[in-house]
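# 3D, please:
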Amino acid sequence: RVRTMAVDEASRTSAALAKILIAEASGDLPATTPFSPASAKTPDTDAIVVIGDPAFLWRAEGFTRMDLGGEWRKRQTLPFVFAVMVRNRGASADGLAARIGEAKRRGLEAASTIARSYNSGVDAARAEHYLRHVIRYDLGEREKLGLALFHRLAQAKGLLGQVKELEFDAI
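Numbers count the residues shown, from 1 in each chain. Below you'll find the model as predicted:
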């Protein structure tokens, strides 16, 4: 039933995911307009995509909250990958895995400090839980399958610009 959707300009991935979920359910892509959750005005649309920290706090009367990643998992039985780190094929990967692993270790070790110092309006306990238990920092086989499926669906719906095939390198 969603024909129009306001999309948070902070994430093209979330906007594309919402469009795919709607098109898979209804057969049609919704018309979209840009939206900023910092705006005081609620858009006159059937749906609104709000991402990141504002999604923890933003509310609008008449709208029901939906976790896009959860909806994807329910429908596709695969995890959804909202962001990845990529490298240019020509760039050296020497020591990259060790540096990324160390950054992940140090970040998780400092999760409490990061959560307490973060000034987004989200309480520290919720932020720490998100950093430690919601975000997945590793790209396993199921995540790769989910990412590849999303890529194929986005391509089929005409949501990609220049189409490139996905390649995964072990680093």
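
# and I100, how many neighbours?
13 (other Cβ atoms under 10 Å). The way it works is simple: take the backbone N, C-alpha and C, and place the C-beta from them, glycine included.

# average model confidence for the helix or strand where it lies?
Secondary-structure assignment from DSSP states H and E places I100 in helix 96-109. Across helix 96-109, pLDDT averages out at 91.

# Which residues outside it are in contact with it?
Helix 96-109 is contacted by residues 85, 87, 114, 131-132, 137, 171 when judged by Cβ atoms under 8 Å, 6 or more residues apart in numbering.

# Of those residues, which is the most crowded?
Going by other Cβ under 10 Å, L131 tops the contacts of helix 96-109 with 18 neighbours.

# ok, and the closest non-adjacent residue to that one?
Leaving aside its sequence neighbours, L131 sits nearest to A111 (Cβ to Cβ, 6 or more residues apart in numbering; 4.5 Å).

# Tell me who's in contact with that neighbour.
Taking Cβ under 8 Å, 6+ apart, we find A111 in contact with 128, 131-132.

# Figure out how far the helix holding I100 is from the centre of its chain.
How far helix 96-109 lies from its chain's middle: 21 Å, per Cα atoms, centre = their mean, to the nearest Å.

# same question, stretch 45-61
The answer for stretch 45-61 is 14 Å, by Cα atoms, centre = their mean.

# for it, what is the average pLDDT?
86.

# Quick check: end-to-end length of it?
Length of stretch 45-61, first residue to last, Cα to Cα, to the nearest Å: 12 Å.

# Give me the residues contacting it.
1-8, 10-11, 14-15, 18, 22, 30, 33, 35, 37-38, 42, 63, 68, 120-122, 126.

# what two of the contacts of helix 96-109 have the greatest distance between them?
Using Cβ to Cβ, those span at most 26.1 Å, a distance reached by R87 and R132.

# Tell me where the chain is predicted with low confidence.
163, 169-171 (pLDDT under 70).

# Excluding chain neighbours, give the residue nearest to the most centrally placed residue in it in space.
Per Cα atoms, centre = their mean, the C-alpha nearest to the average position across the chain is that of F82, at 3.1 Å. The shortest distance from F82 to any residue other than its chain neighbours is 5.5 Å, reached at T13 (Cβ to Cβ, 6+ apart).

# Right, I'll leave it there.
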